[in-house]
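Engineer: make a model of this:
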Amino acid sequence: MLNVTAEGGLLVIQIDRPPANAVDGATSRALDRAFLRLRDDPALRVAIVTGAGPRFFSAGWDLKAVAAGTEVEDAAHFGSGGFMGLTERFDLAKPVIAAVNGIAAGGGAELALACDLVLAVPAAEFALPEVRRGLIAEAGGVLRAVRRLPWAVAMEMLLTGRRFAAEEMRHHGLVNRIVAPEALMEEARALAREVMRGAPRAVEASKEVAAATLHLALPEAYARMRDGSLAAYAAMRASPDRFEGPRAFAARRAPVWEERAPPGAGQRNQGEEGR
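Structural biologist: Here you go, the predicted structure:
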């Protein structure tokens, strides 16, 4: 159902539910536990979420189970972070990278929209087909598409349900880069390592402030950043790493961040969630 691997400061989350990596309540709750682990474990810095197999990132909600009456549309059924554990997890300051290995439809596209960085294979497709099923993309699609894409593109996605190619999504700014299938996870790990070169508190504060001020006018955004309500920003301001960075720069050496993962955290530990 879900394969979760800790690789030092990186948490790799793979949805493994053939044939389409569709998500039922149990899988959503397993994803919820994985993202809570990312949030709460100080040794973890970044997550990559991907799908198993060559065709699907995730087809989203398991509509066959819904039709069979075994799935209920209830917030508690999906976990504390909303559907797929991330779409309503607003307290996660650590970055999440989507490695989209195939079709991301419905909740799968909503999961990608909820991630901070998106890599995709050339054959990946993104779709929000809920209107064709008598539904709307209420696990964040109707809310995030208009924030992350041009209005007309988001409306076409939401109102027609058509599939958008990876190159279209790269052109419109949702996808950071397109990567050959055989190099997708290697590239995602390399991107995660680039993120982890930064000071842990600074990375978290950057995401937190950006998310909290996205739709504020600039004067109000400055005020919100400095009003004491943003925990990661306050932690960054109080961290010794704020002084280590300039010292390392002046000495022409690599910085040694105080909040590095503890010894032994770099060892690869494999496990499974939700089986």
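Engineer: and for residue 210, the neighbour number?
Structural biologist: Neighbours of residue 210 under the rule other CB atoms under 10 Å: 12. To be clear about C-beta, it is placed using only N, CA and C from the backbone, and glycine gets the same treatment.
Engineer: the closest residue to residue 53 other than its chain neighbours: neighbour count?
Structural biologist: In this structure, residue 53 finds its nearest non-sequential neighbour in residue 18, 6.7 Å apart by CB to CB, 6 or more residues apart in numbering. Residue 18 has 10 neighbouring residues, counting by other CB under 10 Å.
Engineer: what's the answer for the one 3 residues further on, then?
Structural biologist: If you count neighbours by other CB under 10 Å, residue 21 ends up with 28.
Engineer: again with residue 25
Structural biologist: Residue 25 - counted by other CB under 10 Å - has 20 other residues nearby.
Engineer: give me the secondary structure label for the nearest residue to it once chain neighbours are set aside.
Structural biologist: Distances taken as CB to CB, 6+ apart put residue 77 closest to residue 25, at 4.4 Å, once the chain neighbours are dropped. Secondary structure, DSSP: H, G, I helix; E, B strand; the rest coil: residue 77 is helix.
Engineer: pLDDT score for residue 77?
Structural biologist: What the model reports as pLDDT for residue 77 is 79.
Engineer: from the chain's centroid, how far away is the longest helix belonging to the chain?
Structural biologist: What stands out as the longest helix in the chain, according to DSSP state H, is helix 25-40. Here helix 25-40 is found 12 Å from its chain centre; the criterion is CA atoms, centre = their mean, to the nearest Å.
Engineer: average pLDDT for it?
Structural biologist: 95.
Engineer: buried set for it?
Structural biologist: Across helix 25-40, burial judged by 16 or more other CB atoms under 10 Å covers 25-38.
Engineer: list just the nearest of the residues you listed to residue 215.
Structural biologist: Using CB to CB, the shortest approach to residue 215 within the buried residues of helix 25-40 belongs to residue 35, at 23.8 Å.
Engineer: so that closest one touches residue 85, yeah?
Structural biologist: Yes: using CB atoms under 8 Å, residue 35 makes contact with residue 85 at a distance of 4.5 Å.
Engineer: got the domain ranges for the protein?
Structural biologist: Here the domain parsing of the chain from automatic domain parsing is 2-195, 200-258.
Engineer: of those domains, which stretch is the most buried?
Structural biologist: Of all those, domain 2-195 has the most neighbours on average by mean count of other CB atoms under 10 Å, namely a mean of 20.
Engineer: between the two ends of that domain, what distance do you get?
Structural biologist: End-to-end distance for domain 2-195: 24 Å, by CA to CA, to the nearest Å.
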